[in-house]
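Asks: Mind looking at a prediction? Sequence and model below.
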Amino acid sequence: MLLAIALALMVAQGLSAALMWRMQRERHLAGLVNYAAFSLLGQNLRVPLGRPLHPAMPSSAMMLGPDGAPEIGLRMPRPLRVQVEDRAPQQASDRRRPEIEHALRQVLEAQGVDAARLFVAERDPARDPLISAWLAQPQLRLARPAGAPRPRLIVAAIGRGDGTWLTARLLAPRTERAVLMTLVLQTLLLYLVLVGTAALILRRIARPLKALTQQVEAFARSRAPVGQLEPEGPEDIQRLIVAHNAMERRVGALLDEKDVMLGAIGHDLKTPLAALRVRIEAVEDDTERGRMAAGIADINRSLDDILSLARVGRPSDPLEPTELSALVADVVGEYEDMGEDVTLGEATRMVMPLRATWLRRALRNLISNALRYGTRARVTLQREGRDAVLRVEDDGPGIPDGEIARMLEPFIRLEASRNSATGGTGLGLTLARAIADQHGGSLALANRREDGETKGLTVTLRFPLT
Amino acid sequence: MNASTPATAPTRVLVVDDEAALREPLSDYLIRQGFVAVQAASAAEARARLTEAAFDLVLLDIMMPGEDGLSLCRHLTETRGLPVIFITARGEATDRIVGLEIGADDYVVKPFDPRELVARIRSVLRRAARQPEEPGEQFVYAFDGWQLDPLRRRLTDREGALVPISSAEFRLLIAFLDHPRQMLDRDRLLDMVQGREAHLFDRAVDNQISRLRRKIERDSRSPELIQTVWGGGYMLAAEVAKVPPHG
């Protein structure tokens, strides 16, 4: 943002500086042209001697130094300025200045002077016999500070009918560099002030916006109101922050309400379920009682799944550094003790911050699924780069490729019938994925293929080890 | 057997639950199992019943209108030293820890198997009879940089990270920690660790030992902490200290 503004400012300033530079040059040029024209015209018009030649002159470009003070040392004595010479003024080292020549010709012709033979060139003052002699005068040397740039000598000559040349010499200070420096300094100063101001304003806007962004991100992650943000910055942003605070409070209140409600539902349903569980002990028939107990256990599991899914985003227990392989071994041990076909393969020890109750639940869901659909489960825990990778493999039929994404949605099971013998609410995978999410990890399903044949399903839980 | 001796007198249980739908069938079930069950619909009523007669154990619902189960439990364990088993609708870890820290002896989560409840009542009473618990003797075991909090059943490693252990492993470890540097043979270990999960524990002790080693040994193939003793036993080869919690 700031960079874009700085760039735009730089371009605009550069353009304006270039324009100003051109204008300066043109003014300088016009000064030169005018001065030359007046010098030449004055002679042509035979101004009486003794009268100052051009009261309005010299031009500012001629007479003003880079600091604006008159360049006294360059005021030439009149005889030097305009001379009648009998030969063409051109020297070998001269640099013709056609642009000045062109402008001068226009001025002269406007005054009715025949300027067909016009010559304008820039000359090194040292190579001009007249000027070099004049410049060598001791008082002039003293007047000019050492190291100052040598003035530029412009020679303008017009051929007269009698074959002589009227030659004007003008010394112009080399002001370009100084002017350029001033311009560059000016531009830089302006640029710094503008960019500085822009940066300050941007900071005033950006800081509260950044704080707000962090707040929203933290809220999205934890779903727990972290606390209200202090409104600051420009008025619009302050209002945005106030509005956000209100919204966050409201969302937090709604979520709290939901938790209370779910707690109440859980309590209200579990008590009669418990009563039912006690009452069926009076049933004489063992088989019948067993079925009833299993039914109650099923209802209870579904209830737990639903309550867990509703609470998974807002766990009440904190993360705690825990040794993951011990937790995995524990859950696998539970199944082993029940005589299920679950094996624990490689299990690397690693500590990560986690919520043991939730992670156990996720792992139990995955192992139960593997046993239900794939007859046996193999569990491994490995470190891969900076991740802890937990895999549960089964030897079942896998999942058709098109169905994999759908399997993670709530209440989706692969079989068409919801009341099949395999049971379950269809929340197991959804819940496992939500728990992985809760720990900043991910869950992926993949069919395991060998020779183009599906050999089973691999569920991969991946957690960043921080 | 003389019916008047305390050993054969029926166990008196106070059932405290605001829900009659659960309280009544539960009391009936306990009576059928040979207990004397008295009902109370609130904490206030429970306090009244407790002044009228003596009880051996209290079954206590946590969520009740008015004074809740946690508060009553604190009162019971502080003033009377009565064993308490919580009945809770919530199964989350924090609740469990809170329940046990507050002084309850055990808990069941609704809906519970009534037979399991009876087993737990008997187990709690057995424990209460064996060692009258002194309140305030809170400590954690410290061995070789590890710590085991017996009350909260939390094992932490040298770096302080939680290392989850099963109930069987917990009991096994407690047995070793109570008898450091002593050879414990399989029968003795089985005896000491048989708790309420007895049905889970009919697998060989060796199996549990190897699970425990996987968690606490630096290299479970050459164990240093829990060593195998020639002749069919195991020994904890570490100094054990009892230190105050969070110390």
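Replies: Sure, I can see it.
Asks: With B:Val163 as the reference, measure out to the spatially most central residue of chain A.
Replies: Geometric centre of chain A, nearest residue: A:Met1, 6.6 Å, by Cα atoms, centre = their mean. Going from A:Met1 to B:Val163 by Cβ to Cβ, to the nearest Å gives 49 Å. Heads up, the C-betas are built off the backbone N, CA and C, glycines and all.
Asks: what does B:Thr51 give?
Replies: Separation of B:Thr51 from B:Val163 (Cβ to Cβ): 46 Å.
Asks: Of the two, which one has the most company?
Replies: B:Val163 (23 against 6; other Cβ atoms under 10 Å in any protein chain shown).
Asks: do you know how far A:Gly339 is from A:Thr213?
Replies: As for A:Gly339, its distance to A:Thr213 is 53 Å (criterion: Cβ to Cβ).
Asks: Also A:Phe38?
Replies: 69 Å.
Asks: if I pick residue 24, what's in contact with it?
Replies: Reading this off chain A. Shown in contact with A:Gln24 (Cβ atoms under 8 Å, 6 or more residues apart in numbering or on different chains): A:Val179, A:Leu183.
Asks: please go with chain B instead
Replies: Counting by Cβ under 8 Å, 6+ apart, B:Glu24 touches B:Gln39.
Asks: Make sure it is indeed in a strand.
Replies: No - with DSSP: H, G, I helix; E, B strand; the rest coil as the criterion, B:Glu24 is assigned helix and is not in a strand.
Asks: average pLDDT for the helix or strand where A:Arg279 lies?
Replies: Under the criterion of DSSP states H and E, A:Arg279 resides in helix A:235-279. Averaging pLDDT along helix A:235-279 gives 86.
Asks: Please apply the same query to stretch B:57-74.
Replies: When pLDDT is averaged over stretch B:57-74, the result is 86.
Asks: What segments of the chain are strands?
Replies: I went with chain A, as the question did not name one. Per DSSP state E, chain A carries strands over the ranges A:82-85, A:95-96, A:118-123, A:152-159, A:165-172, A:320-323, A:342-347, A:351-354, A:377-384, A:387-394, A:442-450, A:453-464.
Asks: look at chain B instead
Replies: For chain B, applying DSSP E gives strands covering B:12-16, B:36-40, B:57-61, B:84-88, B:106-109, B:140-143, B:146-149, B:154-156, B:184-185, B:226-229, B:233-236, B:240-243.
Asks: Next up, the contacts around A:Ala246.
Replies: For A:Ala246, no contacting residues are found, by Cβ under 8 Å, 6+ apart.
Asks: mind running it again at 10 Å?
Replies: Residues in contact with A:Ala246 (Cβ atoms under 10 Å, 6 or more residues apart in numbering or on different chains) are A:Gln228.
Asks: hang on, the earlier thing: nearest residue to the residue nearest to the centre of chain A in space, please, no chain neighbours.
Replies: Nearest non-adjacent residue to A:Met1, counting by Cβ to Cβ, 6 or more residues apart in numbering or on different chains: A:Leu202, 6.0 Å away.
Asks: what do you get for A:Ile367?
Replies: A:Ala377 (4.9 Å).
Asks: Quick one: neighbours of the one you found, just the number.
Replies: Each residue near A:Ala377 was counted by other Cβ under 10 Å, and the total is 26.
Asks: tell me the contacts of it?
Replies: A:332, A:335, A:340-344, A:366-371, A:392-396, A:456, A:459.
Asks: picking that back up, out of A:Phe38 and A:Thr213, which sits in the busier spot?
Replies: Using other Cβ under 10 Å, the more surrounded residue of A:Phe38 and A:Thr213 is A:Phe38, with 20 against 11.
Asks: The more buried one against A:Leu32, yeah?
Replies: No - assessed by Cβ atoms under 10 Å, A:Phe38 is found out of contact with A:Leu32, at 11.0 Å.
Asks: just for the chain, where's the confidence low?
Replies: This is for chain A. For chain A, residues meeting the criterion pLDDT under 70 lie at A:42-80, A:138-150, A:174-176, A:222-226, A:411-425.
Asks: look at chain B instead
Replies: Filtered on pLDDT under 70, chain B yields the residue ranges B:1-8, B:90-101, B:131-137, B:194-204, B:246-247.
Asks: Show me which helix runs longest in it.
Replies: For chain B, the helix with the greatest residue count under DSSP state H is helix B:114-130.
Asks: who does the nearest residue to A:Ala436 once chain neighbours are set aside bridge with?
Replies: Of all residues not flanking A:Ala436 in the chain, A:Leu443 sits nearest, at 4.5 Å (Cβ to Cβ, 6+ apart). Bridge pairing for A:Leu443 (DSSP bridges) gives the partners A:Leu461.
Asks: Is A:Leu443 in contact with A:Val389, as I believe?
Replies: No - with contact taken as Cβ under 10 Å, A:Leu443 and A:Val389 are classed as non-touching, separated by 11.3 Å.
Asks: Now list whatever residues contact both of those two.
Replies: A:Thr460, A:Leu461, A:Arg462.
Asks: Any figure for the gap between the first one and chain B?
Replies: Summarising the geometry, the distance separating A:Thr460 from chain B, computed by Cβ to the nearest Cβ, to the nearest Å, is 21 Å.
Asks: got a list of what that residue touches?
Replies: Residues counted as contacts of A:Thr460 (Cβ under 10 Å, 6+ apart) are A:366, A:380, A:384, A:387, A:389-393, A:436, A:441-446.
Asks: Mind checking which of the residues you listed are buried?
Replies: Applying 16 or more other Cβ atoms under 10 Å in any protein chain shown to the contacts of A:Thr460, the neighbour count classes A:Leu366, A:Thr380, A:Asp387, A:Val389, A:Leu390, A:Arg391, A:Val392, A:Glu393, A:Ala436, A:Gly441, A:Leu443, A:Leu445 as buried.
Asks: closest to A:Leu273 among those residues?
Replies: Distances from A:Leu273 to the buried ones among the contacts of A:Thr460, taken as Cβ to Cβ, are shortest for A:Leu366 (25.9 Å).
Asks: Isn't that closest one up against A:Thr430?
Replies: No - between A:Leu366 and A:Thr430 there is no contact under Cβ under 10 Å: 11.9 Å.
Asks: Pull up the overlap in contacts between the two.
Replies: Residues touching both A:Leu366 and A:Thr430 (Cβ under 10 Å, 6+ apart) are A:Leu443.
Asks: And B:Leu225, its phi and psi?
Replies: Dihedral pair for B:Leu225: phi -80, psi -60, per degrees, to the nearest 10.
Asks: how many other residues sit next to it?
Replies: Look at B:Leu225: counted by other Cβ under 10 Å, it has 17 neighbours.
Asks: Isn't it up against B:Trp146?
Replies: Yes - applying Cβ under 10 Å, one finds B:Leu225 in contact with B:Trp146, separated by 8.4 Å.
Asks: ok, the residue nearest to A:Met1 to A:Val195 distance?
Replies: A:Leu202 is 10 Å from A:Val195, by Cβ to Cβ.
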